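J.: structure, please.
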Amino acid sequence: MNNIPQIMRAVVLVGRGGLDKLEYHEDWPIPQPGPGEVLIRVGACGLNNTDINTRTTWYSKTVTDGIT
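T.: Okay, the predicted model is just below:
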């Protein structure tokens with residue numbers, strides 16, 4: 001019996017930049033695991049400075065000023 005829901009809540013990154021590039025969805029499709037893969041329910045996640053710096057392209061050589 002498959003009791004995996006079809007949709008989940010998700011914050012999706014839609015481009016590089018500030019918080020305006022993050023979209024909240026309550027109807028995001030749940031990924032279906034392929035052969036040899038598992039699906040894990042995430043109860044909480046963490047975010048660190050590397051995640052933020054990558055999202056804002058801070059590591060790019062073309063960035064010359066901070067994004068706040």
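J.: tell me how far residue 28 lies from residue 45.
T.: Separation of residue 28 from residue 45 (Cβ to Cβ, to the nearest Å): 15 Å. Just so you know, the C-beta spots here come from the backbone N, C-alpha and C atoms, and that holds for glycine as well.
J.: same check on residue 12?
T.: Distance of residue 12 to residue 45, computed by Cβ to Cβ: 14 Å.
J.: same check on residue 53?
T.: Going from residue 53 to residue 45 by Cβ to Cβ gives 17 Å.
J.: next one: residue 20
T.: 21 Å.
J.: how about residue 54?
T.: Plainly put, residue 54 is 15 Å away from residue 45 if you go by Cβ to Cβ.
J.: what about those two, which has more around it?
T.: Comparing residue 54 with residue 45 by other Cβ atoms under 10 Å, the one with more neighbours is residue 54, at 13 against 7.
J.: okay, and that one sits in which element?
T.: Per DSSP states H and E: residue 54 is located in helix 49-55.
J.: what distance separates that helix from the centre of its chain?
T.: 12 Å (Cα atoms, centre = their mean, to the nearest Å).
J.: give the buried residues for that helix.
T.: Neighbour-count burial for helix 49-55 flags residue 55 (criterion: 16 or more other Cβ atoms under 10 Å).
J.: that helix - what's its average pLDDT?
T.: Mean pLDDT, computed over helix 49-55, is 77.
J.: packing partners for that helix?
T.: Of the remaining helices and strands, none touches helix 49-55 by 3 or more Cβ pairs under 8 Å, 6 or more residues apart in numbering; DSSP states H and E.
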